[in-house]
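Peer 1: coordinates for the following, if possible.
(one chain, ligands or ions: 1)
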Amino acid sequence: MSDPPMPDPLISSDKSILKALRGEAQARPPIWVMRQAGRYLPEYRELRQRAPDFVSFCLTPEMAAEATLQPLRRFELSAAILFADILLIPMAMGCDLRFVKGEGPKLSPVRDRASVDALTTDTVSRTLAPVTETVARVKEQLEGDVALIGFAGAPWTVATYMIEGEGSRDQWAARVFAYEDPESFGRLMTMLSAATAEYLVMQAEAGAEVLKIFDSWASGLTEDLFQRAVIEPTADIVRQVRAAGVDVPIIGFPRGAGPAIPRYVRETGVTAVALDQSVPLNWARENVQPLAPVQGNLDNALLRAGGPAMDAAIDAIVEAFAGGGHVFNLGHGITPETPIENMARLVNRVRHG
Ligand code: 1CP
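Peer 2: Coordinates of the predicted model:
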């Protein structure tokens with residue numbers, strides 16, 4: 001029996017994740033894992049200790065490039081994701097940002113028109129220039145079939161942290177603000193869309209081959225707010241990125257959007273859509289994959305648990321999406337306590353069956 005021809009690693013458009021994002025069905029799906037660089041890796045924890053704080057870590061190209069590359073040395077992944085954070089954008093727009101150990105991010109809160117007007121998009125490219133250097137460094141070191149993914153937070157998800165001043169369980173302050181002062185909220189969305197588009201264009205021009213927009217808090221919104229906070233700002237970003245001449249695939253991730261996912265795909269113009277673990281496989285195969293390639297959607301708790309339950313879930317996802325464009329991933333990020341062996345087992349099973 002002869003092996004199928006190997007893709008030519010020198011032709012970047014032949015990388016398997018790019019094929020999947022063009023909608024091509026493949027014998028085995030490409031795979032990467034949300035938060036694949038992170039605290040479940042001892043070498044990450046070691047590197048992290050050497051940085052004075054998390055923001056400096058993200059903005060030191062040498063360290064950020066190393067964190068980006070670490071998971072690729074252990075696992076046969078199809079993509080690297082730039083090591084950075086979605087909250088660098090509000091910082092670059094003038095918000096104070098600190099990461100407090102054990103508590104997560106803290107920002108100077110944006111709660112009224114004056115604090116929206118105090119933000120600026122003028123400083124984004126200068127403040128975030130180190131990120132483009134990280135992209136260029138990583139790109140130089142990537143080999144073969146591995147593509148580099150750049151990313152940003154979607155305006156709504158980023159705004160939830162800005163308005164609350166920290167993470168929140170139900171995005172309460174942001175939802176109240178959007179209803180109480182729709183005009184200031186709209187202004188904030190417009191500024192965030194412009195800053196985010198500029199930042200994504202910088203990453204693509206520096207060498208990112210795929211872009212991803214994380215809307216981690218897109219669940220629990222009314223139809224009206226989903227339109228104003230998720231669909232319109234994301235569509236705005238996609239339009240601005242395309243208008244700048246960037247044609248790399250864009251993956252949208254409206255986490256928890258459920259039945260609104262087809263509308264999100266049609267109205268935002270994203271190339272592909274990432275699915276969280278609550279999205280039923282058959283429903284997505286029938287209602288989402290015909291519109292756009294899909295990414296996902298193994299429960300991160302199954303990755304933590306491992307064993308036969310994980311294996312069966314992996315096989316079901318691979319089989320469900322085998323007829324079209326599919327990038328294997330989790331439904332949300334890998335957690336710090338996940339055993340490394342489980343990650344190795346996942347990658348191996350997805351790639352080789
Ligand atoms: O202690 C540490 O080392 C910091 C933990 C950490 C890490 C590893 C944070 C703080 N950010 C990151 C990196 C990061 N963040 C990446 C890098 C690449 C990779 O995936 O390997 C990415 C893509 C993100 C994106 C991100 N940051 C999101 C969207 C994706 C998601 O998981 O929903 C969100 C919501 C954040 C905010 C954030 N950053 C960090 C924390 C603790 C938080 C708050 C999370 C929360 O509110 O639950």
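Peer 1: how many residues are close by residue 337?
Peer 2: 8 (other C-beta atoms under 10 Å). Using the backbone N, CA and C atoms, a C-beta is placed for each residue, glycine as well.
Peer 1: how about it, secondary structure?
Peer 2: coil (DSSP: H, G, I helix; E, B strand; the rest coil).
Peer 1: find the nearest non-adjacent residue to it, please.
Peer 2: What sits nearest to residue 337 in space, not counting adjacent residues and going by C-beta to C-beta, 6 or more residues apart in numbering, is residue 304, at 6.6 Å.
Peer 1: in what helix or strand does that neighbour lie?
Peer 2: Under the criterion of DSSP states H and E, residue 304 resides in helix 300-305.
Peer 1: packing partners for that helix?
Peer 2: Contacts defined by 3 or more C-beta pairs under 8 Å, 6 or more residues apart in numbering; DSSP states H and E place helix 300-305 against helix 307-320, helix 340-352.
Peer 1: nearest to the ligand, out of these?
Peer 2: helix 340-352 (12.0 Å; C-beta to the nearest ligand atom).
Peer 1: residues near the closest residue to the ligand within the stretch 1-150 of the chain, how many?
Peer 2: Here the residue of the stretch 1-150 of the chain nearest the ligand is residue 37; by C-beta to the nearest ligand atom that distance is 3.7 Å. Around residue 37 sit 23 other residues, with neighbours defined as other C-beta under 10 Å.
Peer 1: that older thread, show residues contacting the helix holding residue 304.
Peer 2: By C-beta atoms under 8 Å, 6 or more residues apart in numbering, the surrounding residues in contact with helix 300-305 are 33, 277, 309-310, 313, 330-335, 337-339, 342-343, 346.
Peer 1: weed out the non-buried ones from those.
Peer 2: Burial of the contacts of helix 300-305 was assessed by neighbour count (16 or more other C-beta atoms under 10 Å); the buried members are 33, 277, 310, 313, 330-334, 338, 342-343, 346.
Peer 1: ok, and which of these reach the ligand?
Peer 2: Judged by C-beta under 6 Å from any ligand atom, the overlap between these and the neighbourhood of the ligand comprises residue 333.
Peer 1: let's have the buried ones among the contacts of helix 300-305 in CSV, adding pLDDT.
Peer 2: CSV is the format used below for the buried ones among the contacts of helix 300-305 (pLDDT from 0 to 100):
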residue, pLDDT
33, 98
277, 98
310, 98
313, 98
330, 98
331, 98
332, 98
333, 98
334, 98
338, 98
342, 98
343, 98
346, 98
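Peer 1: from the buried ones among the contacts of helix 300-305, pick the one nearest residue 27.
Peer 2: Closest approach between those and residue 27, by C-beta to C-beta: residue 346, at 17.9 Å.
Peer 1: now do the contacts for that closest one.
Peer 2: 31, 33, 298, 303, 310, 314.
Peer 1: now do 10 Å
Peer 2: Contacts of residue 346 were listed using C-beta atoms under 10 Å, 6 or more residues apart in numbering, and they are 31, 33, 75, 298, 302-303, 306, 310-311, 313-314, 328, 330, 334, 338.
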